[in-house]
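**Q** Take this sequence and fold it.
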Amino acid sequence: MAIKERKEREKQEMRNLIIESATQLFLKQGYDKTSIRSIADDIEYSPATIYLYFKDKDEIFYVIHENAFDILDKHLRRHDGIADPFERLRAIGRTYIKFGLENPDYYDLMFIMRAPMEQIKNEEKWKAGECAFGYLLTTLSECLDQKRIRPADLHVTAIMVWSFVHGLVSLYVRERMCILMLPDDTTREVLYSSFDLFMANLKT
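**A** This is a model prediction of the structure:
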C-alpha cells in the first residue's frame, strides 16, 4: 500500500508541476506560443513525459481553467448564509471583484486570454463554469421572485450583472484604470463604489 500511495503522490506532484509551468508560460507567452515542448523544456522533462499525463495542450489549459473557476465558486458560495438575496447578490459581486483584483493572473486565464474552448465543448458539462454562473442565476431568481430588483428576464439580468463586474475587473487587470491617475488603493475603492452605484440602480 505504501508503494502504491507513493506512486500516486509522485504522479500528482508531476501533474501539479506541469500545470504550474503551463500556467506561467500561458501568461508570459500567450496560449498560441506555448507548446508541449516549451512546457517540457521548462520543467526539464521530455515531451513524452507530459503526454503520459495530458493528451494535449488544450487539456492542460482546461484543467487550469477548471481549477480557477472552482476557486472562484468556493469564494462566492461563502455567502450562502445571507438570507436576503439582494444583499447576497451585492456580496457576490464584491467578492467577484476582489477575486479578480487579488488574482489577476488567474482572471486573465479565465476570462481575457484568447484560447480555444474545444476541450470545454468536448466535455459533457462545463462543471466549474456552470456552477459559478448557476449560483448567480439562483440568487438573481430569488431577487426577482421577491421583487428585490427591477423585473426583467433572468438571463438578460445575469449577463448584465456579470458584464458590469467583468468590465470593472478587466479595466483594472489590463491596467486601464491608470487613466484616473489615483493611488492603487483609491482606484480599488472607485471600483467597489461603482459596483455599489450599479446595485442601487438595479434595486426596486
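**Q** Over to the nearest residue to residue 180 once chain neighbours are set aside: give its phi and psi.
**A** Once flanking residues are discounted, residue 180 sits nearest to residue 187: 5.8 Å by CB to CB, 6 or more residues apart in numbering. Every residue, glycine included, has its C-beta placed from N, CA and C. The phi/psi pair for residue 187 (degrees, to the nearest 10) reads phi -60, psi -40.
**Q** So residue 22 is in contact with residue 34, correct?
**A** Yes: proximity of residue 22 to residue 34 meets the contact threshold set by CB atoms under 8 Å, at 6.9 Å.
**Q** Spit out the residues that contact the two alike.
**A** residue 57 (CB atoms under 8 Å, 6 or more residues apart in numbering).
**Q** quick one: terminal-to-terminal distance for stretch 31-39?
**A** One end of stretch 31-39 sits 12 Å from the other (CA to CA, to the nearest Å).
**Q** Now do that stretch, average pLDDT.
**A** Across stretch 31-39, the average pLDDT comes to 91.
**Q** Next secondary structure after the lowest-mean-pLDDT helix or strand in the chain?
**A** Lowest by mean pLDDT, DSSP states H and E among the helices and strands of the chain is helix 118-122, with a mean of 62. Sequence order places helix 127-145 as the next helix or strand after helix 118-122, per DSSP states H and E.
**Q** what's the following helix or strand after that next one?
**A** helix 154-173.
**Q** now that next one, how far from the centre of its chain.
**A** 13 Å (CA atoms, centre = their mean, to the nearest Å).
**Q** If you count contacts, what does it end up packed against?
**A** Packing partners of helix 154-173 (3 or more CB pairs under 8 Å, 6 or more residues apart in numbering; DSSP states H and E): helix 85-102, helix 104-107, helix 127-145, helix 184-202.
**Q** Any chance of CSV for these, columns mean pLDDT and distance to residue 9?
**A** Converted to CSV, the helices and strands packed on helix 154-173 look like this (pLDDT from 0 to 100; distance: least, CB to CB, whole Å):
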stretch, mean pLDDT, distance to residue 9
helix 85-102, 96, 30
helix 104-107, 86, 25
helix 127-145, 87, 24
helix 184-202, 96, 40
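**Q** re earlier: separation between the residue nearest to residue 180 and residue 13?
**A** To residue 13, residue 187 is 39 Å away according to CB to CB, to the nearest Å.
**Q** Show me how far the helix ranked longest in the chain is from its chain's centre.
**A** Longest helix in the chain, counting residues (DSSP state H): helix 2-29. Averaging C-alpha positions (CA atoms, centre = their mean) puts helix 2-29 20 Å from its chain's average.
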